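**Student:** Any chance you can model this:
(2 chains)
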Amino acid sequence: MTYFLQQVVDGVSTGVIYALLGLAMVLIFRATGIINFAQGELATIAAFFAWQLNLWGLPIWLAIAATAVIGFGAGAAIERVVIRPVANKDHFTLIMVTLGLFMITNAVTGLVWGYTIQAFPDPFPVAAWTVHGVSLSLASVGTIVIVCVVGFLLYQLFHRTRLGLGMRAAISNPESARLSGIDVGRMQMIGWGLAAMVGTLAGALAAPKLFLEPNMMLGVLTYAFAAVIVGGLDSPLGAVVGGLAIGVTENLAGAYLYDFVGNDLKIAVPLALVFGILLVRPQGLFGRRAVARA
Amino acid sequence: MRISLRERGTSVSPFATSPLRTAMMGVLALAAVVLPFVLSSFVTFQLSMALIYAIAALSIVLLTGMNGQIALGHGAFFGLGAYTTAILVQNHGWHFLLTMPVGALLCFVLGVLIGIPALRLRGAYLAVLTLSVAFLFPLVIKRFNDFTGGSSGMTISQDLLDAPEWSGLSRDRFHYFLALLVLMVLLVLTRNLLRGRTGRAIVGIRDNEIAAITVGIHLPTVKTITFGISAAFAGVAGCLYTVTIAFVSSDAFPVQMSINFLIGAVVGGLYNIYGSIIGGLVLEFLPQYSQSLSPSLTAFVYGAALIVILLVMPGGAAALIGKALDGVGRLVSGRRPGSGESTVAVPVSSEPISSESIRSGDDDPVAPAGSSPP
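**Tutor:** Here you go, the predicted structure:
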């Protein structure tokens, strides 16, 4: 039982990273209706930036905060320069453009910082508690708390503020939103900016575990995709639940199905589950079905 | 919703013919036959790889360009074909030519199996599903490493890949002509497929699924079979890859490879099957030059090219060449534009009729209500 609980706890602490990147994706999807393939790479470049600031002498938390603020601007700029010109195109073009963005970001990261693996300073002090034989590290607990806070704030933003209402209106019906005086373009810029901020956090919190290198987030990106898809692309709660579920399933599969799946293939188990769920509920567990009028 | 079926201005439909095009094809065919006897064996090897990537790009053109299903996982089918050849030749003593139908069949089956869940998924969801396949493939190879050699790989003895006696060719030249032959056969197959009833169904589904259903097209069959055929193409390319390179490892088929195939198809021209040849050449030769300048330059150029092409010239290089040829043709013949120069015999437009293109039609004031959902 202790072993099982330990596996669940470890799974949760990897799952929160997926959840955090998933939250960033949900933000972009809610702001612009795009699935952003570049989300992981943007998080990586942000992590590198924070690492660089830290190297220049800024305390790590300050470095992350500064990067998050700069990330907001960068995200908004990307929306304005790259996404806005294709905003009215079909979804194929949009996906391909974010794929292009993915490759460019990855290349720029490699160009600036190289491909040597770097150690990212742990923002949390090394400490752990043992509860009933289950060990909990401060880093895990801290990350979980951050994800919960971010998720809660996003929920509040979307459902309790005028800005959030405007953002929801802008994506659900741009035409009417514009007529009622909402600056749709600005809402989309804010969405991308916020997503970049959340992505920065995801990158900075994942980096101590994964080690910093340009392709660091490629795996996380795949799992985060799975998380938002299972949770529903437009649901922040879904992203968190989906991310945690994937982290836990992956870990349990590694622990209990080791003979069959081995260390390499344990991620296949949650991915298979995700697509099983998709076949039954294409809108995800928490998502709202899009109804199209012909 | 009214759909305008007005023929779009481009005449680069894969079926357009004109004396100039025929002449260009002739020159290219001649060059393709002569080049391996003129160039060094290394360049011949590179050209073989370009042809192999062209087959992979063709598989994307068929599935994504013609049928509208986004394919981000074709590296997995390519890899499956590659491992089929590697294992059958090295461990079971098969002749490499015989492994190609097996690789194609395996990939066809896997493609249909993945095509079935793909029926319920569109756009971004499908992209993520196929991306996951690409992501999982190297992990599966590593998992079964006693069978596949895992990340340390599997070398195929060179003498097992020698050219047959009767051909009288060196190994590199034989591999080159094999790849060339396969590409030509697949191009003709694809052309004939797209020309017929099935082809109209494939393209019709891309342009408007609901309309396609109402005219009696069985959507699930056409989509899964197209997925299977496309996967089989990628698989054959993978078989040829092993034959040419004589080495496979789990690291040779990263996610990036799948993305590159899609990029090759877009750069060459997603809506023209011959564009895949240009795509293959780009995928083989561009990294050779950019890599020597900086290791990250290739990805940067690919990414930038992708965005620029989609914004400026969605038809890719094929559309550009088509326009240039039309221009030259008009100059030569002195005919006015549109006087029978562009053949519109086949009711297949080369580019998809999206709701956006209808909306922005300058001579067509149709504005359908509601934009397409993301």
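
**Student:** Chain A contacts on the stretch 101-250 of chain B?
**Tutor:** With Cβ under 8 Å from any Cβ of the partner chain as the criterion, the stretch 101-250 of chain B meets chain A at residues B:117, B:120-125, B:127-129, B:131-132, B:135-136, B:139-140, B:142-143, B:210. Every C-beta, even on glycine, is put in place using the N, C-alpha and C of the backbone.

**Student:** which stretches of the chain form strands?
**Tutor:** With no chain named, the answer covers chain A. Ranges of strands in chain A, per DSSP state E, are A:128-131, A:134-137.

**Student:** that answer is for a different chain, and I need it for chain B
**Tutor:** For chain B, the strands defined by DSSP E occupy B:154-155, B:247-248.

**Student:** winner for burial among those?
**Tutor:** Mean neighbour count (mean count of other Cβ atoms under 10 Å in any protein chain shown) peaks for strand B:247-248 among those, with a mean of 20.

**Student:** which other helices and strands contact it?
**Tutor:** Applying 3 or more Cβ pairs under 8 Å, 6 or more residues apart in numbering or on different chains; DSSP states H and E, one finds that strand B:247-248 contacts helix B:74-92, strand B:154-155.

**Student:** and the first one, does that touch chain A?
**Tutor:** No. Helix B:74-92 is not in contact with chain A by Cβ under 8 Å from any Cβ; minimum separation 12.5 Å.

**Student:** wait, doesn't B:L240 sit right on B:A50?
**Tutor:** No. B:L240 is not in contact with B:A50 according to Cβ atoms under 8 Å; the separation is 11.5 Å.

**Student:** who has more neighbours, these two?
**Tutor:** B:L240 (28 against 22; other Cβ atoms under 10 Å in any protein chain shown).

**Student:** so of the helices and strands packed on strand B:247-248, which one's packed in deepest?
**Tutor:** Scoring the helices and strands packed on strand B:247-248 by mean neighbour count under mean count of other Cβ under 10 Å gives helix B:74-92 as the most buried, with a mean of 25.

**Student:** average pLDDT for that helix?
**Tutor:** Taken as a whole, helix B:74-92 has an average pLDDT of 94.

**Student:** contacting residues for the residue nearest to A:L58 when sequence neighbours are not counted?
**Tutor:** Counting by Cβ to Cβ, 6 or more residues apart in numbering or on different chains, A:L58 lies nearest to A:A66, which is 6.7 Å off, once chain neighbours are set aside. A:A66 makes contacts with A:A50, A:L53, A:L58, as judged by Cβ atoms under 8 Å, 6 or more residues apart in numbering or on different chains.

**Student:** out of those, which is most surrounded?
**Tutor:** A:A50 (31 neighbours).

**Student:** residue boundaries of the helices in the stretch 201-350 of chain B?
**Tutor:** Listed in chain order, the helices of the stretch 201-350 of chain B (DSSP state H, counting those that start in this stretch) span residues B:209-214, B:219-245, B:255-268, B:275-293, B:297-312, B:316-333.

**Student:** Buried deepest among those, which one?
**Tutor:** helix B:255-268 (a mean of 27).

**Student:** Using PDB, write down the CA coordinates of it.
**Tutor:** Provided in PDB are the C-alpha atoms of helix B:255-268 (Å, rounded to 0.1, in the frame of the first residue of the first chain):
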ATOM      1  CA  VAL B 255       9.600  12.800 -34.100                       C
ATOM      2  CA  GLN B 256      11.500  15.400 -36.200                       C
ATOM      3  CA  MET B 257      11.600  13.000 -39.100                       C
ATOM      4  CA  SER B 258       7.800  12.900 -39.300                       C
ATOM      5  CA  ILE B 259       7.600  16.700 -39.100                       C
ATOM      6  CA  ASN B 260      10.200  17.000 -41.800                       C
ATOM      7  CA  PHE B 261       8.200  14.800 -44.200                       C
ATOM      8  CA  LEU B 262       5.300  17.100 -43.800                       C
ATOM      9  CA  ILE B 263       7.500  20.100 -44.300                       C
ATOM     10  CA  GLY B 264       9.000  18.500 -47.400                       C
ATOM     11  CA  ALA B 265       5.500  18.000 -48.800                       C
ATOM     12  CA  VAL B 266       4.400  21.600 -48.000                       C
ATOM     13  CA  VAL B 267       7.600  23.100 -49.500                       C
ATOM     14  CA  GLY B 268       7.300  21.000 -52.700                       C
END
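
**Student:** Now find how far off-centre it is within its chain.
**Tutor:** Its chain's C-alpha centre and that of helix B:255-268 lie 9 Å apart, by Cα atoms, centre = their mean, to the nearest Å.

**Student:** ok, is that helix in contact with chain A or not?
**Tutor:** Yes. Helix B:255-268 lies in contact with chain A when judged by Cβ under 8 Å from any Cβ; the contacting residues are B:V255, B:I259, B:L262, B:I263, B:V266.

**Student:** dump the residue contacts of the closest residue to the third one other than its chain neighbours.
**Tutor:** Read it as B:L262. Leaving aside its sequence neighbours, B:L262 sits nearest to B:I60 (Cβ to Cβ, 6+ apart; 5.6 Å). Neighbouring residues of B:I60 by Cβ under 8 Å, 6+ apart: B:A71, B:H74, B:S230, B:F261, B:L262, B:G264, B:A265, B:L270, B:S276.

**Student:** Would you reformat the residues of helix B:255-268 next to chain A as CSV and include pLDDT?
**Tutor:** Below are the residues of helix B:255-268 next to chain A laid out as CSV (pLDDT from 0 to 100):
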residue, pLDDT
B:V255, 88
B:I259, 91
B:L262, 93
B:I263, 92
B:V266, 93
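
**Student:** List just the nearest of those to A:T105.
**Tutor:** Taking Cβ to Cβ as the measure, A:T105 lies nearest B:I259 of these, at 13.3 Å.

**Student:** Is that closest one in contact with A:M103, as I believe?
**Tutor:** Yes. Here B:I259 reaches A:M103: they are 7.3 Å apart, a contact under Cβ under 8 Å.

**Student:** which stretches of the stretch 1-150 of chain B form helices?
**Tutor:** B:19-38, B:41-60, B:74-92, B:96-118, B:123-143, B:145-148.

**Student:** close to chain B, is stretch A:175-194?
**Tutor:** No. Shown here: stretch A:175-194 not in contact with chain B (Cβ under 8 Å from any Cβ), separated by at least 8.7 Å.

**Student:** now do the same end-to-end measure for that stretch.
**Tutor:** End-to-end distance for stretch A:175-194: 23 Å, by Cα to Cα, to the nearest Å.

**Student:** Please identify the buried residues of it?
**Tutor:** A:A177, A:I182, A:V184, A:R186, A:M187, A:Q188, A:M189, A:I190, A:G191, A:W192, A:G193, A:L194 (16 or more other Cβ atoms under 10 Å in any protein chain shown).

**Student:** My guess is the second one contacts A:A170. True?
**Tutor:** Yes. With contact defined as Cβ under 8 Å, A:I182 and A:A170 form a contacting pair (5.8 Å).

**Student:** Now do the helix ranked longest in chain A and helix B:123-143, the angle between them.
**Tutor:** For chain A, the longest helix by residue count, based on DSSP state H, is helix A:2-32. Orientation of helix A:2-32 against helix B:123-143 (axes from the mean of the first three to the mean of the last three Cα atoms, to 10 degrees) gives an angle of 150 degrees.

**Student:** ok, and for helix A:2-32, which residues are buried?
**Tutor:** A:6-32.

**Student:** For chain B, tell me which of those show up nearby.
**Tutor:** Checking the buried residues of helix A:2-32 against chain B (Cβ under 8 Å from any Cβ), the matches are A:F29.

**Student:** Just the pLDDT at B:P373, thanks.
**Tutor:** 37.
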